[in-house]
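>>> Show me how the following folds:
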Amino acid sequence: MLQDKNKNGYSKAPLFWGLSKAGAIALTVAATVMGFTNPPRDEYVNYASNKLASEIKESVCKESKVPDFLSDFTGDLVKSCEKLVKSQRTTIKELMDNATQRQNLILFSVYTTEFQGNRYQTIGAVGNFLTFPPHKIDKNQESVGAISFGMLRKRESPVQESVERKVLFGQLSKNNI
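Next comes the predicted model:
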């Protein structure tokens, strides 16, 4: 005798069960792709130096409104300025490399660059970069901010580093100073 499957206790798996399996597979595939396409530091340094060079060209190497008889002179200055920026690409890359800290979070990276009193934060993921607007660096909180972002400044001595850590974590009282 045949019985209906619903009557003998067998029921179909709920629809969300199949969707959750598909979601887990899709999430795993997406995480794998993000992990393999997380841009390395060299790519960020190239990105940041290109951005800085183009900003220099736009702000410094631009023609100004001058009388006609000086227009040839300003044109030559603009070309010289652009050549200077182009010839200093290695220096600009080194500058960006030295001013940048990377936090590799496997799926993406967070790059923090401190340059000319500003802190620039950029997320690198899937082979692309997204730069957020800069924040002014507060001189009073520079050491706390630097440590919280995983960035350590150059210190005068190991004693200074030890004192800064104790102050930061509240382990140093007025009697110890």
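>>> In the chain, spot the helix with the most residues.
helix 15-36 (DSSP state H).
>>> Let me know the average pLDDT across that one.
For helix 15-36, mean pLDDT rounds to 81.
>>> buried residues in that helix?
Neighbour counts over helix 15-36 (16 or more other C-beta atoms under 10 Å) mark Met34 as buried. Quick note: C-beta positions are derived from backbone N, CA and C, even for glycine.
>>> Using PDB, write down the CA coordinates of it.
Output of helix 15-36 as PDB, limited to C-alpha atoms (Å, rounded to 0.1, in the frame of the first residue of the first chain):
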ATOM      1  CA  LEU A  15      13.000  26.800   1.100                       C
ATOM      2  CA  PHE A  16      15.400  28.900   3.300                       C
ATOM      3  CA  TRP A  17      17.600  25.900   3.900                       C
ATOM      4  CA  GLY A  18      18.400  25.700   0.200                       C
ATOM      5  CA  LEU A  19      18.900  29.500   0.000                       C
ATOM      6  CA  SER A  20      21.300  29.400   3.000                       C
ATOM      7  CA  LYS A  21      23.500  26.800   1.400                       C
ATOM      8  CA  ALA A  22      23.600  28.800  -1.800                       C
ATOM      9  CA  GLY A  23      24.400  31.900   0.200                       C
ATOM     10  CA  ALA A  24      27.200  30.200   2.100                       C
ATOM     11  CA  ILE A  25      28.700  29.000  -1.200                       C
ATOM     12  CA  ALA A  26      28.400  32.400  -2.700                       C
ATOM     13  CA  LEU A  27      30.000  34.000   0.400                       C
ATOM     14  CA  THR A  28      32.800  31.600   0.300                       C
ATOM     15  CA  VAL A  29      33.500  32.200  -3.400                       C
ATOM     16  CA  ALA A  30      33.300  36.000  -2.800                       C
ATOM     17  CA  ALA A  31      35.700  35.800   0.100                       C
ATOM     18  CA  THR A  32      38.100  33.700  -2.000                       C
ATOM     19  CA  VAL A  33      38.100  36.200  -4.800                       C
ATOM     20  CA  MET A  34      38.600  39.100  -2.500                       C
ATOM     21  CA  GLY A  35      41.500  37.300  -0.800                       C
ATOM     22  CA  PHE A  36      43.300  36.700  -4.100                       C
END
